Structures are given as structure tokens and as C-alpha cells.
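Trainee: my questions are about this predicted structure, shown below with the sequence.
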Amino acid sequence: MATENKEEETAVKRVKTPETLRGMKDILPDEQIYWEYFRRRAREISEAYSFGRIDMPILEDEKLFVRTVGKQTDIVEKELYNFVDKGESKVALRPEATASAVRAYINHGMLNLPQPVKLWYMGPMFRYDRPQSGRYRQFHQYGLEVIGGADAVIDAQLILIAIKLFEDIGLKVKVEINSIGTAVTRQEYKIELVAYARKHRKELCEDCTRRLARNPLRLLDCKATGCRAVMKDAPQILDWLDDDSKQHFMTLIEYLDEISVPYVLNPHLVRGLDYYNRTVFEVVPDRGDDVELGSQSALAAGGRYDGLVEQLGGREETAAVGLAIGIERAILEMKQQGVEPPPLPRPDIFFAQIGAEARRLALRHFEEVRAAGFNVVEAFGKASLKAQLEASNKVDARFTIILGQLEVQDGTIIVRDMESGAQETIPMDQMLDYLKKEMARK
Ligand code: AMP
């Protein structure tokens with residue numbers, strides 16, 4: 001028997017604990033204070049601007065992303081988590097949520113609702129990218145989509161909401177904007193850009209030489225020094241805009257001026273997804289003018305996608321615009337800028353117990369205290385009073401209720417004021433009244 005156990009023990013020891021997959025993270029309780037703060041503020045602002053929450057599946061038909069985000073974009077070509085499921089369907093973990101939101105808009109006949117339809121979402125996204133600080137394989141986005149509206153006032157308000165949310169969580173940010181016109185003008189511009197870049201081929205990085213044929217717009221936001229030098233004098237997409245897009249962009253700028261949104265025109269901003277047209281923007285940290293931001297610096301990004309609804313089989317000319325905020329990046333930036341989320345509310349009461357009988361009663365009375373509306377905590381797993389008082393101090397409870405053997409016999413409890421150290425013995429049936437009175441005095 002003894003040998004058998006020993007064998008079992010060594011067998012257990014040999015088990016290697018699985019790790020999280022590369023680029024994926026656990027979000028531990030200590031971190032949640034940041035997450036909850038962001039989530040709460042995001043929820044509040046979404047509701048304040050009349051957005052309705054939508055939750056969409058994480059797993060979708062692969063076609064949804066290939067068709068919309070674009071076959072030759074990095075997100076689809078290199079980063080899509082796709083596989084064939086047990087029913088032989090080609091599926092993918094969503095790399096972003098705009099395509100899903102538009103699918104849902106069409107599937108559920110939302111075009112029959114008053115337009116535009118305003119949706120918000122929050123959840124995990126997946127991209128099989130090379131992980132680094134601020135770039136993960138599973139990350140979270142909070143996003144807003146306004147579907148069924150073409151006016152630049154919607155773009156302006158969306159940008160404003162993003163800025164307001166960042167301000168709400170204590171961050172200094174600025175927004176970079178550009179217009180990429182229509183698919184047709186973009187095509188014309190691409191030809192011009194490629195012709196220019198070819199002349200400087202030798203100065204480009206390896207990635208950009210490849211992009212030249214497949215996705216030339218990405219040359220514009222390449223961070224390699226050589227490419228940046230070449231692109232400084234590249235033709236600008238704004239010069240290729242059609243009249244309507246130009247007008248739309250001018251109007252957007254007027255609106256942004258009207259509401260004093262601090263924007264910067266960035267002619268090199270093009271975004272990596274095919275479905276965008278006209279307005280594109282990114283929100284970046286504002287750490288002062290001379291601070292060089294890294295390549296993973298964008299906190300949020302968005303733009304118009306006027307063709308997407310039709311492209312997915314919805315009604316023609318359903319214009320739309322949206323944005324997504326990277327929650328991990330927002331939290332990293334909060335830490336970088338020294339923003340502390342407000343602490344969790346301080347507990348009113350810590351419930352301590354000594355001895356088996358007291359523990360049994362404490363389990364029940366704890367529920368009474370909680371049901372009476374107090375914020376009460378416990379450490380029923382601890383036996384010694386010292387350890388429990390330490391725990392009570394750690395969470396900074398205002399009062400500690402102590403229930404020991406003597407109190408069980410007498411039908412009383414001790415209430416200790418943790419600030420003054422004063423203790424009172426109270427009949428058990430007066431516990432709630434006493435606590436209410438004492439809390440009101442604090
Ligand atoms: P996109 O969907 O590419 O327009 O990205 C919108 C925002 O999501 C970015 O500005 C980032 O804040 C965030 N984001 C995108 N990709 C990642 C990633 N791999 N890891 C963490 N955050 C990301």
C-alpha cells in the first residue's frame with residue numbers, strides 16, 4: 001500500500017502544469033480594479049449617448065472576416081485564428097467586432113428600426129500576432145457602431161465620445177484623423193503611391209517591399225526609419241479625394257473645431273482593414289509633443305464603413321461609422337500616466353468567529369447582516385482571532401463583529417470599533433439595530 005502511494009505521488013509530481021497560451025493572459029483579481037473601472041465608465045458613457053448593448057458570438061463563419069476585413073490584410077492573411085470545426089465548417093475566432101455587428105444588424109432586420117442604430121459591445125478579440133507589450137493574441141475591445149447614418153456629425157460625435165471616455169478614466173489623449181476617400185479614389189491613389197515607392201525600393205524595409213504588391217497603403221504607417229524617410233515626401237491620399245469625400249472631411253473638421261476636440265491631421269493614417277472609407281482616426285496618448293510613441297501606441301481606432309452593410313447583403317447605401325478601444329492598452333496607459341482607479345468601497349463590517357459552534361452560527365448571522373444591506377466580509381477559513389483581526393485591518397473594515405464560545409452561550413456578540421478599538425457586548429437580537437445606529441454615526 002505504502003509503495004503504491006509513493007508511486008502515485010511521484011506520478012503526480014511529474015505532471016507539468018499547463019501554461020496559458022502565448023500572447024494570452026489571466027486577468028487576476030488585483031488587476032480587476034482597473035478593468036472594472038474602465039468597464040463601468042464605458043457602460044455609463046454608452047448609455048448616456050443612447051447606445052444599446054450587443055453581445056455577439058466569439059466564433060463566427062470565417063467568411064465574415066475574409067470578405068470584410070480583406071483577404072490581403074495582415075489580420076486575415078496572417079493573424080486569423082481559423083479552423084475547421086467538427087461539422088466541417090470553416091470558422092474563426094473574431095479578430096474584431098465590426099463585421100459581426102453589421103451581420104447582426106442585417107440578420108435581425110435592424111434597418112426597420114429608427115436610423116441610425118447605435119450599438120456598443122465589449123469582449124475578447126483574437127489575432128495570431130507576434131506578442132509584445134501592448135499586443136496580445138487575446139485582447140479586449142470596447143466598441144461603438146453607428147449604423148445607418150452618413151452625416152459627418154456622427155463621426156464628430158463618435159470621436160468626441162472616445163475622447164470623453166479617455167478623459168473620464170483620467171487619460172490625456174489626442175486624436176489623429178484622415179480621410180481615405182472611396183474604394184475608387186483609393187485605387188487611383190494606390191497606383192500613384194506604388195509608382196513613387198518603386199523609385200525608392202532600395203530604401204524600404206523587407207516587409208514594405210512585400211507590401212508594395214499586396215497592400216501598399218500600409219507603407220504609409222510603417223515605423224521603420226528608412227520607410228518613414230521615404231514616405232515623408234510620398235503623395236498624400238487627401239489630394240486624391242473625390243468632391244463628396246472632401247466635403248465630408250471638411251465638415252467633420254468644422255464640427256471638431258466646434259466642440260474643441262484636439263485633433264491632428266495625419267495624412268499617413270490609413271488603417272489596416274479594407275472596409276474603411278472616408279473618415280479614419282486613431283486616438284493616441286498625449287504625453288507631450290516631443291515624446292516619440294512606439295508602434296503599439298494607438299489606444300483606439302475607427303472610421304467609416306459605408307459599404308459594409310451592402311457588402312454583407314444588407315440594404316444599399318447604409319452608411320456607418322464605428323470605433324474600438326483596446327482595453328489592455330487603455331489600462332497600460334493608465335499605469336503609464338499614473339492614473340489610479342478609485343479603490344473598492346471600504347467594508348462596513350468584518351465578521352469574526354472563534355470555535356466550531358460560533359462558526360456555525362456566524363455562517364447564518366453573516367447572511368442576516370448582508371441581507372440588511374451592510375457591506376460585510378469574513379474569513380471563516382481562519383480559526384484564530386488574531387489572524388481574523390489582522391484580516392479585518394487589512395480590508396480596513398469599520399467594525400468587527402466577534403462571536404466566540406462565551407457569546408454563543410450568552411446569546412450576545414461583541415462589536416469592535418476598528419478605529420477607536422472600543423468594544424461593546426450586544427444581545428444578538430439587537431445586533432442589526434446596533435450596527436445601523438453605529439454606522440449612521442460614522
Ligand atoms: P483595430 O481593430 O486594429 O482597429 O484596433 C483597435 C484597437 O484595438 C487598437 O487601437 C488597440 O488599442 C487595440 N488592439 C488591436 N490589436 C491589438 C492586440 N493584438 N493586442 C492588444 N490590443 C490590440
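Mentor: It's in.
Trainee: ok, which residues in the stretch 251-400 of the chain are in contact with the ligand?
Mentor: 298-301, 324, 326, 328-329 (C-beta under 6 Å from any ligand atom). In this view, the C-beta of every residue, glycine as well, is placed from N, C-alpha and C.
Trainee: and those residues as JSON lines, adding neighbour count, pLDDT and secondary structure?
Mentor: Compiled in JSON lines, those are given as follows (neighbours: other C-beta atoms under 10 Å; pLDDT from 0 to 100; DSSP: H, G, I helix; E, B strand; the rest coil):
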{"residue": "298", "neighbour count": "20", "pLDDT": "93", "secondary structure": "coil"}
{"residue": "299", "neighbour count": "23", "pLDDT": "97", "secondary structure": "coil"}
{"residue": "300", "neighbour count": "25", "pLDDT": "97", "secondary structure": "strand"}
{"residue": "301", "neighbour count": "25", "pLDDT": "96", "secondary structure": "strand"}
{"residue": "324", "neighbour count": "21", "pLDDT": "98", "secondary structure": "strand"}
{"residue": "326", "neighbour count": "23", "pLDDT": "98", "secondary structure": "strand"}
{"residue": "328", "neighbour count": "22", "pLDDT": "97", "secondary structure": "helix"}
{"residue": "329", "neighbour count": "25", "pLDDT": "97", "secondary structure": "helix"}
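Trainee: identify the farthest-apart pair in those.
Mentor: Comparing every pair within these by C-beta to C-beta identifies 301 and 328 as the most remote, at 14.1 Å.
Trainee: check contacts around the residue of the chain found nearest the ligand.
Mentor: Here the residue of the chain nearest the ligand is residue 326; by C-beta to the nearest ligand atom that distance is 2.1 Å. Shown in contact with residue 326 (C-beta atoms under 8 Å, 6 or more residues apart in numbering): 134, 139-141, 298-300.
Trainee: tell me where the model's unsure across the stretch 251-400 of the chain.
Mentor: Across the stretch 251-400 of the chain, residues meeting the criterion (pLDDT under 70) sit at 272, 289-296.
Trainee: quick one, helices of it?
Mentor: 308-311, 327-336, 356-371, 385-395 (DSSP state H, counting those that start in this stretch).
Trainee: nearest to residue 433, of the ones you listed?
Mentor: The nearest among these, by C-beta to C-beta, is helix 356-371 at 12.0 Å.
Trainee: ok, back up a step: return the distance of the residue of the chain closest to the ligand relative to residue 138.
Mentor: 12 Å (C-beta to C-beta, to the nearest Å).
Trainee: do the same with residue 243
Mentor: Noted for residue 243: a distance of 43 Å to residue 138, by C-beta to C-beta.
Trainee: so those two - more neighbours on which side?
Mentor: Between residue 243 and residue 138, residue 138 has the larger neighbour count (other C-beta atoms under 10 Å), namely 18 against 7.
Trainee: give me phi/psi at that one?
Mentor: Torsion angles at residue 138 (phi, psi; degrees, to the nearest 10) stand at phi -120, psi 120.
Trainee: distance check, the nearest residue to it once chain neighbours are set aside against residue 126.
Mentor: Taking C-beta to C-beta, 6 or more residues apart in numbering as the measure, residue 138 lies nearest to residue 24, with 4.5 Å between them; neighbours along the chain are not counted. With distances taken as C-beta to C-beta, residue 24 is found 9 Å from residue 126.
Trainee: tell me who's in contact with the residue nearest in space to the middle of the chain.
Mentor: The geometric centre of the chain, computed from its C-alpha atoms, lies nearest to residue 327 (C-alpha atoms, centre = their mean), at 2.7 Å. Residue 327 makes contacts with 35, 38, 122, 139-142, as judged by C-beta under 8 Å, 6+ apart.
Trainee: from those residues, which are also near the ligand?
Mentor: If you filter the contacts of residue 327 for contact with the ligand, counting by C-beta under 6 Å from any ligand atom, you are left with 139, 141.
Trainee: list of residues touching the helix or strand where residue 213 lies?
Mentor: When elements are assigned from DSSP states H and E, residue 213 belongs to helix 206-214. Residues lying outside helix 206-214 but in contact with it, judged by C-beta under 8 Å, 6+ apart, are 72, 194, 197-198, 201, 204, 218-219, 222, 224, 227.
Trainee: could you dump the residues of the stretch 251-400 of the chain next to the ligand into a markdown table and include distance to residue 278?
Mentor: Converted to a markdown table, those look like this (distance: C-beta to C-beta, whole Å):
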| residue | distance to residue 278 |
| --- | --- |
| 298 | 19 |
| 299 | 22 |
| 300 | 18 |
| 301 | 15 |
| 324 | 17 |
| 326 | 23 |
| 328 | 28 |
| 329 | 25 |
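Trainee: could you list every residue that touches the nearest residue to residue 355 once chain neighbours are set aside?
Mentor: Leaving aside its sequence neighbours, residue 355 sits nearest to residue 405 (C-beta to C-beta, 6+ apart; 4.7 Å). With contact set as C-beta under 8 Å, 6+ apart, residue 405 has these partners: 354-355, 357-358.
Trainee: now the buried members of those residues.
Mentor: Neighbour-count burial (16 or more other C-beta atoms under 10 Å) applied to the contacts of residue 405 gives 354-355, 358.
Trainee: wait, which of these is closest to residue 111?
Mentor: residue 358 (63.6 Å).
Trainee: quick one, strands of the stretch 201-350 of the chain?
Mentor: Remark: strands of the stretch 201-350 of the chain, listed N- to C-terminal, are 263-265, 277-285, 300-304, 320-326, 349-353; assignment by DSSP state E, counting those that start in this stretch.
Trainee: same thing with the stretch 1-150 of the chain?
Mentor: Under the criterion DSSP E, counting those that start in this stretch, strands of the stretch 1-150 of the chain are mapped to 52-53, 59-61, 81-84, 90-93, 117-126, 138-147.
Trainee: mind checking pLDDT for residue 217?
Mentor: The score at residue 217 is 87. That number is its pLDDT.
Trainee: distance of the residue nearest to it when sequence neighbours are not counted relative to residue 422?
Mentor: Nearest in space to residue 217, with sequence neighbours left out and distances taken as C-beta to C-beta, 6+ apart, is residue 270 at 4.3 Å. Taking C-beta to C-beta as the measure, residue 270 falls 67 Å from residue 422.
Trainee: between the two, which is the more surrounded one?
Mentor: Neighbour count, other C-beta under 10 Å: between residue 270 and residue 422, residue 270 has more, with 23 against 9.
Trainee: can you check the pLDDT for the residue nearest to residue 355?
Mentor: Reading off the confidence values, residue 405 has pLDDT 95.
Trainee: contacting residues around residue 111?
Mentor: Residues 105, 148, 314-315, 318 are the ones in contact with residue 111 under the rule C-beta under 8 Å, 6+ apart.
Trainee: if any of the residues you listed are buried, put those into a ChimeraX selection.
Mentor: ChimeraX command restricting those to the buried ones, with burial defined by 16+ other C-beta under 10 Å:
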select :105,148,314,318
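Trainee: alright, calling it a day.
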